[in-house]
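Student: the sequence and its predicted three-dimensional model are supplied below.
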Amino acid sequence: MTWTDHRWIPSVWSVTATIERGAATAPVSAPKKAQRSRRPGGFLRSSNGKKVVMAVTGAIMVLFLLLHMLGNLKIFLGRDSFNEYAHALRTLLEPLAPYRTVLTLVEIVLVASVVLHMWAAISLSRRAHHARPVKYVAKKKSQANGYATHIMRFGGITIALYVVWHLLDLTFGVVNPAGFDSAPAERMIAGFDPSRWWVTLIYLVAVVMVGLHLRHGLWSAFQTLGWANRTRNKALRLTAGLVSAVLVLGFLAPPLAVTFGVVK
Amino acid sequence: MVTYRVEDVSPDMSFLEMLDVLNERLILEGDDPIAFDHDCREGICGMCGMVINGVAHGEQRATTTCQLHMRHFEDGAEITIEPWRAAPFPVVKDLVVDRSAFDRIIQAGGFVSVPAGSAPDAHSIPVRKENADAAFDAATCIGCGACVAACPNGSASLFTAAKITHLSLLPQGQPERLTRAKAMVDQMDAEGFGGCTNTGECTAVCPKGIPLDAIAQMNSDYLKANAK
């Protein structure tokens, strides 16, 4: 057998290509806009400015969630401990300031944060929508983490709807079997009663959604505020993941404990 | 969208050569050939670029369309080819888009306005190794526009950030650092690109693998420029 026995046989393939054949959407000469750019708006009208609003309001909400989670864990120290904590929140700085001063201030800041966060989100998604008026025909496969876009926009709406339910359930007691006049601990234990397992399920889905939202959102905030760089990136991503995980576990512990009868 | 059967494709052909084969046939048959942009065909000019099966420059990572070979597909494969789709990139014809918006972002500040003279001696201006590396990574951007095409928001943040970062990390870029960041980001917005939501789709398809850190650098410079 010699080398001439091996003959190189070229392989010939055929493929089917579906190609966009389009009439021009652009004039071939440069558009008028090219000569002079539109006068830029202020910081808050820029896409970066809106992202900063999202990052800062998001950070405020994360700080609130951390305190809220720590407060919830008081239920493990007993009903009285939880009720005392709830009472203490309302009587904070009491001799100096009227009843519920601190709590009302916190509520104002939170409502403002939610409104601004949503304003920036809606404004940015509208902008994104205008930036791609014609969608891709081929189903776009995500080349990166992939979940972020869905979990941020769809997740944000889900979380907002859940918060409405959550306030009706445990704050105003409208949809809670214990009602508005009950003590906070009674509302929590009645709300997550084993017979109302579906409430715990809604809560579980919502909290996991919050966790996923924050896992991307927290890191995204660091990036938006310009703190991320190649040396810090790993640590920042880890922080985002850890904070999200701690929040999910901390928020899930009390309702699961009530539903499974650990806390009575 | 029109479907064509392309015969005589060698696995060793580049993606653009496959289109050349198709175009030769179309011309012989008296049809209009498919218009697509290309120039160097060695992955450094940034002219070529199309969305192949939903992925900018195809699924092969860190590769321009001209450097993508048919061996990454299969015999009998069905391939969907689309242009970059973004409002600031109007379609000129078929797969050719007008990327002048990128030029206008560069014109807004992507330069150093000092008399450069002849090339200075190496090491006459010391640059930290880390900065030199990061600046060089950013400077490898060829402006192909894949970042815009891949971004779910149609954002040009990775391109603009790369152009800002490669100057803002070098001593020559310092005097205009903040005005540059502001001018270029504002121009990017004025062109109608979307905002960045840090999904990382851009970095994933970037033929030069420009890292997302560049966007953080841009955000930081833009914030500082606005704080002034």
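Tutor: Great, that's in hand. Numbers count the residues shown, from 1 in each chain, chains lettered A, B, ... in the order given.

Student: ok, A:Thr231 to chain B distance?
Tutor: Distance of A:Thr231 to chain B, given as Cβ to the nearest Cβ, to the nearest Å: 8 Å. In this view, the C-beta of every residue, glycine as well, is placed from N, C-alpha and C.

Student: the helix or strand containing A:Leu63 near chain B at all?
Tutor: Assigned by DSSP states H and E, A:Leu63 belongs to helix A:47-72. Yes: Helix A:47-72 reaches chain B (Cβ under 8 Å from any Cβ of the partner chain) through A:47-52.

Student: chain B: which of those residues is nearest?
Tutor: Proximity of these to chain B (Cβ to the nearest Cβ) peaks at A:Ser47, which lies at 3.4 Å.

Student: return the residues in contact with that closest one.
Tutor: Counting by Cβ atoms under 8 Å, 6 or more residues apart in numbering or on different chains, A:Ser47 touches A:124, A:127, B:155, B:185, B:188-189, B:193-196.

Student: so the helix or strand where A:Ile122 lies versus helix A:47-72, what angle?
Tutor: Using DSSP H and E, A:Ile122 falls within helix A:101-131. Orientation check (axes from the mean of the first three to the mean of the last three Cα atoms, to 10 degrees): helix A:101-131 against helix A:47-72 gives 140 degrees.

Student: now for helix A:101-131, which elements pack on it?
Tutor: The contact analysis (3 or more Cβ pairs under 8 Å, 6 or more residues apart in numbering or on different chains; DSSP states H and E) places helix A:101-131 against helix A:47-72, helix A:79-90, helix A:148-166.

Student: who touches whichever helix or strand comes after the last one?
Tutor: Read that as helix A:148-166. Later in the chain than helix A:148-166, the nearest helix or strand by DSSP H and E is helix A:184-191. Contacts with helix A:184-191, where a contact means Cβ under 8 Å, 6+ apart, come from A:75, A:79-80, A:82-83, A:86, A:169-170, A:173, A:176-179, A:182, A:199, A:254-255, A:258, A:263-264.

Student: dump helix A:184-191 to CSV, keeping only the CA atoms.
Tutor: What follows is helix A:184-191, C-alpha atoms only, in CSV (Å, rounded to 0.1, in the frame of the first residue of the first chain):
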residue,chain,number,x,y,z
PRO,A,184,-49.3,40.4,63.7
ALA,A,185,-48.2,36.9,64.9
GLU,A,186,-51.8,35.7,64.8
ARG,A,187,-52.1,36.9,61.2
MET,A,188,-48.9,35.2,60.2
ILE,A,189,-49.8,31.9,61.8
ALA,A,190,-53.4,31.9,60.6
GLY,A,191,-52.3,33.0,57.1
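
Student: could you give the angle of that helix to helix A:47-72?
Tutor: Going by the same axes, to 10 degrees, helix A:184-191 makes 100 degrees with helix A:47-72.

Student: now stretch B:218-228: buried residues?
Tutor: For stretch B:218-228, the neighbour count (16 or more other Cβ atoms under 10 Å in any protein chain shown) marks B:218-223, B:225-226 as buried.

Student: relative to B:Ala150, which of these is nearest.
Tutor: B:Met218 (17.8 Å; Cβ to Cβ).

Student: returning to that earlier point: kindly identify which of the buried residues of stretch B:218-228 also come near chain A.
Tutor: When contact is defined as Cβ under 8 Å from any Cβ, the buried residues of stretch B:218-228 meet chain A at B:218-223, B:226.

Student: which members of those residues are positioned in strands?
Tutor: Among these, no residue falls in strands (DSSP state E).

Student: list the contacts for A:Met152?
Tutor: By Cβ under 8 Å, 6+ apart, the residues touching A:Met152 are A:121, A:213, A:216-217, B:197.

Student: nearest to A:Lys234 among these?
Tutor: Closest approach to A:Lys234 among the contacts of A:Met152 (Cβ to Cβ): A:His216, at 15.9 Å.

Student: okay, and that closest one sits in which element?
Tutor: helix A:197-224.

Student: and the pLDDT at the residue located most distally from the centre of chain B?
Tutor: What lies farthest from the middle of chain B is B:Glu29; by Cα atoms, centre = their mean that is 34.1 Å. Here the pLDDT value assigned to B:Glu29 is 96.

Student: isn't A:Lys51 right up against B:Asn219?
Tutor: Yes: at 7.5 Å, A:Lys51 and B:Asn219 qualify as touching, with contact defined as Cβ atoms under 8 Å.

Student: same question for stretch B:92-103, mean pLDDT?
Tutor: 94.

Student: span of it from start to end?
Tutor: End-to-end distance for stretch B:92-103: 16 Å, by Cα to Cα, to the nearest Å.

Student: so which bits of that stretch are buried?
Tutor: Judged by neighbour count (16+ other Cβ under 10 Å), stretch B:92-103 contains these buried residues: B:92-102.

Student: how far does it sit from the chain's center?
Tutor: 12 Å (Cα atoms, centre = their mean, to the nearest Å).

Student: confirm that A:Ala17 sits in a strand.
Tutor: Yes: per DSSP: H, G, I helix; E, B strand; the rest coil, A:Ala17 lies within a strand segment.

Student: my guess is it contacts B:Thr3. True?
Tutor: Yes: at 7.2 Å, A:Ala17 counts as touching B:Thr3 under the criterion of Cβ under 8 Å.

Student: distance between stretch B:189-203 and the chain's centre?
Tutor: Relative to the chain's own centre, stretch B:189-203 is displaced by 13 Å; criterion: Cα atoms, centre = their mean.

Student: that stretch: end-to-end distance?
Tutor: End-to-end distance of stretch B:189-203 (Cα to Cα): 20 Å.

Student: same check on stretch B:170-183?
Tutor: End-to-end distance of stretch B:170-183: 18 Å, with Cα to Cα as the criterion.

Student: same check, this time on stretch A:129-140
Tutor: 16 Å.

Student: contacts for it?
Tutor: Residues contacting stretch A:129-140 (Cβ under 8 Å, 6+ apart): A:18, A:20, B:1, B:51, B:53-55, B:80, B:82, B:85-88, B:153-155, B:192-194.

Student: try it again at 10 Å.
Tutor: Applying Cβ atoms under 10 Å, 6 or more residues apart in numbering or on different chains, the external contacts of stretch A:129-140 come out as A:18, A:20, A:22, A:25, A:47, B:1, B:51-56, B:79-89, B:91, B:148-156, B:191-195, B:201.

Student: so what's the residue count around B:Ala214?
Tutor: The number of residues packed around B:Ala214, counting by other Cβ atoms under 10 Å in any protein chain shown, is 29.

Student: need the contact list for it.
Tutor: Contacts of B:Ala214 were listed using Cβ under 10 Å, 6+ apart, and they are A:229-230, B:134, B:137-138, B:141, B:157-166, B:168-169, B:202-203.

Student: separate out the buried members of these.
Tutor: For the contacts of B:Ala214, a burial check counting by 16+ other Cβ under 10 Å picks out A:229, B:134, B:137-138, B:141, B:157-166, B:168-169, B:202-203.

Student: can you pull the domain assignment for chain B?
Tutor: Taking automatic domain parsing as the criterion, chain B consists of the domains B:15-82, B:91-114+B:122-227.

Student: buried deepest among the ones you listed, which one?
Tutor: domain B:91-114+B:122-227 (a mean of 21; mean count of other Cβ atoms under 10 Å in any protein chain shown).

Student: how far does that one sit from the chain's center?
Tutor: Distance of domain B:91-114+B:122-227 from the chain centroid (Cα atoms, centre = their mean) equals 10 Å.

Student: measure that domain end to end?
Tutor: One end of domain B:91-114+B:122-227 to the other measures 38 Å (Cα to Cα).
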